[in-house]
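Chemist: I would like the atomic coordinates for the input below:
(one chain, ligands or ions: 1)
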Amino acid sequence: MYTVDGVETVGVVGAGTMGAGIAQVAATAGYDVVMRDVETEFVEDGLDRIDDSLGRLVSRESLTEATAAAARRRIDGTTDLADLGDADLVVEAVLEQMDVKQDVFASLDEITPEGAVLATNTSTLSVTTIAAATERPGDVVGLHFMNPVPVMEGVEVVRAETTADPTVSLVDDFADSLDKTTWESADRPGFVVNRVLIPWVCEGIRAYDEGVASKEDVDTGLKLGTNAPMGPLELGDHIGLDVVLDAAETLHDELGDKYRPPVLLERKVDAGHLGKKTGCGFYDYAE
Ligand code: CAA
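Modeler: Residues are numbered from 1 along each chain as shown. Below you'll find the model as predicted:
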């Protein structure tokens, strides 16, 4: 593990599943991390998630106890965005809502030092539109981690229309320092991964809903038929069905009818059956 020259402090905005995962891997690589969410309770939940995940990595001997403890000590939680004032790199992982993200970026533009790189973990929204909320769009880039962040090797780098080359190089180096592998996408809806993955999940839901196969057989077919680690319904539950629906709606708005979300997905979200995080989605996780 190494850290990138000129990057000592990493700010993470949002302490949900993705934000906490990003804070964890950055701290494990040796960066000082300030993780911010709007409520103390959300920050504490994020820190608990990090403790659990570090514990899992220690128990399967991927990390030593000393490394995990050192990583944990490098993470500070806060509810005050101004505490990211010393960050050399910020990764934003808040709600997938353009107005919320633009507000965060407008504030980060004022708070962070000149030259700090501002990255968004958005899964489908336009990075160029997010960057337009700042006076320094050249410093803004997409850095799209995959869930679960501590386990998944890949990170998608999204070059907005306005992103400067040194910004792309810096986040490439940063991802490399986290032991991740990157690929680059243009700023188009869903980038590479979600443009393909979200319709895959939606088509699995439609196949089940139309009676082509049971949910188990849809998942088994796609798992064994393509060597994927999870079938589409299982993966939807893992990602969160609300997140899948948001992404599908963005793809549908921007790319047209073939990306229309399935009605069953909408009904699951209406019912609050969002997948693993609520204990129930297509499958039951109560136990
Ligand atoms: N922290 C630390 N370790 C974790 C972890 C976490 N959050 N989650 C899982 N692990 C570890 C487990 O401890 C386990 O370790 P061992 O193999 O040493 O026992 C290992 O990862 C595998 O976990 P499990 O045994 O629980 O289960 P699994 O073998 O089914 O693997 C999985 C779980 C890694 C999630 C695997 O099923 C998988 O890769 N699924 C696909 C995930 C995927 O596609 N993610 C991308 C979603 S798309 C996205 O994120 C983009 C977006 O914008 C929507």
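
Chemist: who in this protein is up against the ligand?
Modeler: Near the ligand, the residues belonging to the chain are 53, 56-57, 60, 123, 146-148, 150-152, 193-194, 197, 229-230, 235, 239, 243 when assessed by C-beta under 6 Å from any ligand atom. C-beta: built from backbone N, CA, C; applies to glycine.

Chemist: so which of the residues you listed sit within helices?
Modeler: Among the residues of the chain next to the ligand, the members found in helices (DSSP state H) are Ser53, Arg56, Leu57, Val193, Asn194, Leu197, Leu235, Ile239, Val243.

Chemist: skip the chain neighbours and tell me the closest residue to the residue in the stretch 151-287 of the chain that the ligand sits nearest to.
Modeler: The minimum distance from the stretch 151-287 of the chain to the ligand, using C-beta to the nearest ligand atom, falls at Pro229 (3.7 Å). Counting by C-beta to C-beta, 6 or more residues apart in numbering, Pro229 lies nearest to Lys223, which is 7.4 Å off, once chain neighbours are set aside.

Chemist: how many other residues sit next to the residue of the stretch 151-287 of the chain closest to the ligand?
Modeler: 8 (other C-beta atoms under 10 Å).

Chemist: and the one 3 residues further on, by the same measure?
Modeler: Using other C-beta under 10 Å, the number of residues around Pro232 comes to 28.

Chemist: repeat that for Ala29.
Modeler: The local packing of Ala29 (other C-beta under 10 Å) involves 22 other residues.

Chemist: and the strands in the stretch 51-200 of the chain, which stretches?
Modeler: Remark: strands assigned in the stretch 51-200 of the chain by DSSP state E, counting those that start in this stretch are 75-78, 89-92, 117-120, 140-145, 154-159, 181-186.

Chemist: Ala15 is nearest to which of those strands?
Modeler: Ranking these by distance to Ala15, with C-beta to C-beta as the measure, places strand 75-78 first at 6.9 Å.

Chemist: quick one: contacts of the closest one?
Modeler: Around strand 75-78, the neighbours that count as contacts under C-beta atoms under 8 Å, 6 or more residues apart in numbering are 15, 23-24, 27, 32-37, 43-44, 46-47, 50, 83.

Chemist: now do 6 Å
Modeler: Residues from elsewhere that reach strand 75-78 (C-beta atoms under 6 Å, 6 or more residues apart in numbering): Ala23, Ala27, Val33, Val34, Met35, Arg36, Val43, Leu47.

Chemist: repeat for stretch 23-42
Modeler: Contacts to stretch 23-42, defined as C-beta under 6 Å, 6+ apart, come from residues 1, 3, 9-13, 15, 43, 50, 53, 71, 74-79, 81, 83-84, 149-150, 177-178.

Chemist: now the strands of the stretch 51-200 of the chain as TSV including mean pLDDT and mean neighbour count?
Modeler: Formatted as TSV, the strands of the stretch 51-200 of the chain follow (pLDDT from 0 to 100; neighbours: other C-beta atoms under 10 Å):
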stretch	mean pLDDT	mean neighbour count
strand 75-78	98	19
strand 89-92	98	26
strand 117-120	98	28
strand 140-145	98	26
strand 154-159	98	21
strand 181-186	98	14
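
Chemist: how about a markdown table for those, with distance to Phe282 added?
Modeler: Compiled in a markdown table, those are given as follows (distance: least, C-beta to C-beta, whole Å):
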| stretch | distance to Phe282 |
| --- | --- |
| strand 75-78 | 33 |
| strand 89-92 | 30 |
| strand 117-120 | 29 |
| strand 140-145 | 24 |
| strand 154-159 | 25 |
| strand 181-186 | 28 |
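
Chemist: quick one: closest of those strands to Leu265.
Modeler: When the strands of the stretch 51-200 of the chain are compared for distance to Leu265 using C-beta to C-beta, the nearest one is strand 140-145, at 21.3 Å.
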